[in-house]
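1. below: sequence and its predicted model.
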Amino acid sequence: MPTTVGSKMLEGWMPPYDATLVKNLKAADVVILGKTNMDEFAMGSSTENSAYGPTGNPWDLTRIPGGSGGGSSAALAAYEAPLAIGTDTGGSIRQPAAVTGTVGVKPTYGGVSRYGMVAFSSSLDQGGPCARTVLDAALLHEAIAGHDPLDSTSIDAPVPPVVEAARNGSVAGMRVGVVKQFRGEGYQAGVVQRFDESVELLKSLGAEIVELDCPTFDLALSAYYLIAPSECSSNLARFDAMRYGLRVGDDGTRSAEDVTALTREAGFGDEVKRRIILGTYALSSGYYDAYYGSAQKVRTLITREFEQAFEQVDVIVSPTTPTTAFPIGERADDPMAMYLADLCTIPTNLAGNAAMSLPCGLAPEDGLPVGLQIIAPAMKDDRLYKVGAAVEAAFVEKWGHPLLEEAPSL
Ligand code: GLN
């Protein structure tokens with residue numbers, strides 16, 4: 001099957017080998033139905049940046065299914081497939097899950113091999129499971145996770161017992177953190193309402209709620225938009241018209257440099273070019289310390305703040321994304337508005353720990369799904385499933401199905 005990552009650069013490109021994750025799927029006898037749409041090179045929050053056109057949200061086809069893995073989540077929400085795969089560099093598994101009413105997990109960085117995946121930002125990229133239920137996600141997680149000598153960042157330790165946790169959901173006696181920084185301006189009222197109800201639900205199930213103050217989380221988005229573009233500007237240098245995919249203007253008269261430039265001009269879309277330019281600038285001599293260096297320091301502070309938080313709590317919860325699915329086109333010309341969709345998901349990527357999004361009802365004002373994010377320390381992915389399964393079971397008991405409470409057409 002071709003691997004295009006939503007880009008013209010790789011149109012029709014047939015990979016010569018399987019990613020470890022795909023090998024693991026095949027070893028588990030998973031039937032591969034196809035590949036789904038995504039933002040070009042996984043850069044985006046709406047799937048509108050695909051060179052092959054946007055994907056609709058099955059809840060309302062005029063709205064975005066999230067991104068970059070909008071195709072995966074849309075396929076699940078539309079019952080086209082029971083399981084899907086995504087990669088999460090800043091939220092691309094969790095944010096699509098949230099806005100399509102499905103479940104998505106970003107495993108601990110290094111928990112699932114990155115070997116064979118197209119690289120975007122190597123210190124952040126993490127493949128993971130997408131599903132409709134917490135247990136399905138756990139079964140898929142277990143099938144794809146584990147040490148891989150072919151990925152030097154792969155963790156050489158046993159896979160956390162995610163399936164066992166998903167079969168034994170409970171929050172009794174757990175300390176659950178609520179971070180002050182994950183609310184405020186820009187959060188939709190119905191999202192905040194459903195989140196507050198979820199916190200009440202956790203309390204009623206026996207969890208102890210602990211308020212946390214994590215001021216460096218406010219800097220996460222800025223740090224991410226220096227680190228991710230910097231790494232992408234380096235990773236995407238390999239698309240030089242010589243080694244992979246597209247080649248434009250190679251008529252025998254032009255230099256290799258000119259062919260590379262013409263190919264990159266034609267092959268990359270606007271958002272990818274914006275990131276390459278931003279990252280090249282942030283890494284350039286004279287600016288490196290001010291931009292990339294500062295961002296790395298912020299990253300360390302965020303990691304420490306998570307470590308301190310996890311001395312007080314077992315998991316942290318937040319809304320997955322500040323709003324429900326927005327209309328296709330609404331943020332297409334406003335990169336900053338688009339980037340804000342990942343406000344709550346990015347800190348986890350910077351720190352390398354694990355997080356899940358699962359449905360927690362529909363926003364009263366628009367009837368669209370809201371996601372609850374659960375965050376756990378690195379290699380404690382099983383806690384996501386233990387808490388997620390308990391919350392999911394409570395919602396099913398309350399509403400019959402986590403999403404059906406107010407869905408008018410269902
Ligand atoms: N929306 C974020 C970005 O555009 C995250 C993408 C991702 O996780 N791949 O960078």
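-> That came in fine, so what should we check first?
2. how many other residues sit next to Gly184?
-> 11 (other CB atoms under 10 Å). Any C-beta I mention is one placed from the backbone N, CA and C, and that applies to glycine too.
3. distance check, it against Ile209.
-> 18 Å (CB to CB, to the nearest Å).
4. where do the helices of the stretch 301-410 of the chain begin and end?
-> 335-339, 346-351, 381-399 (DSSP state H, counting those that start in this stretch).
5. hey, which of these is tucked in deepest?
-> Each of these was scored by mean neighbour count; the highest is helix 346-351, a mean of 28, by mean count of other CB atoms under 10 Å.
6. avg pLDDT for that helix?
-> If you average the pLDDT over helix 346-351, you get 98.
7. same check on stretch 292-311?
-> So the average pLDDT for stretch 292-311 ends up being 97.
8. that one near the ligand at all?
-> No: judged by CB under 6 Å from any ligand atom, stretch 292-311 makes no contact with the ligand; its nearest approach is 13.8 Å.
9. quick check: which ranges of the stretch 51-200 of the chain have low pLDDT?
-> The stretch 51-200 of the chain contains no residues with pLDDT under 70.
10. would a markdown table of the helices of the stretch 301-410 of the chain with distance to Asp125 be doable?
-> Shown next, in a markdown table, are the helices of the stretch 301-410 of the chain (distance: least, CB to CB, whole Å):
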| stretch | distance to Asp125 |
| --- | --- |
| helix 335-339 | 17 |
| helix 346-351 | 9 |
| helix 381-399 | 17 |
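11. so which bits of stretch 167-186 are buried?
-> 169, 171, 174, 176-179, 181-183 (16 or more other CB atoms under 10 Å).
12. now the end-to-end length of that stretch.
-> 36 Å (CA to CA, to the nearest Å).
13. how about the contacts made by Glu40?
-> Neighbour list for Glu40: 5-7, 49-51, 268-269, 271-272 [criterion: CB atoms under 8 Å, 6 or more residues apart in numbering].
14. neighbours around whichever residue of the stretch 151-300 of the chain sits closest to the ligand, how many?
-> With CB to the nearest ligand atom as the measure, Ala228 is the residue of the stretch 151-300 of the chain nearest to the ligand, at 5.4 Å. Ala228 sits with 26 neighbouring residues when counted by other CB under 10 Å.
15. and for the one 4 residues further on?
-> Using other CB under 10 Å, Cys232 is surrounded by 25 other residues.
16. how is Glu164 assigned, secondary-structure-wise?
-> Of the three states, Glu164 takes helix under DSSP: H, G, I helix; E, B strand; the rest coil.
17. per-residue pLDDT of the residue of the stretch 251-400 of the chain found nearest the ligand, please?
-> Distance from the ligand to each residue of the stretch 251-400 of the chain (CB to the nearest ligand atom) is smallest for Asp342, at 4.8 Å. Note on Asp342: pLDDT of 95.
18. need the residues of this protein near the ligand, please.
-> Neighbours of the ligand within the chain, by CB under 6 Å from any ligand atom: 42-45, 68, 87-92, 120, 228, 342.
19. just the strands from the stretch 1-150 of the chain, written as ranges.
-> Counting by DSSP state E, counting those that start in this stretch, the segments of the stretch 1-150 of the chain that form strands are 83-87, 103-106, 127-131.
20. how about the ones you listed, which one is nearest Asp333?
-> strand 83-87 (25.4 Å; CB to CB).
21. dump that closest one to PDB, keeping only the CA atoms.
-> The C-alpha coordinates for strand 83-87 follow below in PDB (Å, rounded to 0.1, in the frame of the first residue of the first chain):
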ATOM      1  CA  LEU A  83      -9.500  -0.100  15.300                       C
ATOM      2  CA  ALA A  84      -7.100   2.400  13.800                       C
ATOM      3  CA  ILE A  85      -3.600   3.700  14.300                       C
ATOM      4  CA  GLY A  86      -2.400   7.300  14.800                       C
ATOM      5  CA  THR A  87       0.800   9.100  15.700                       C
END
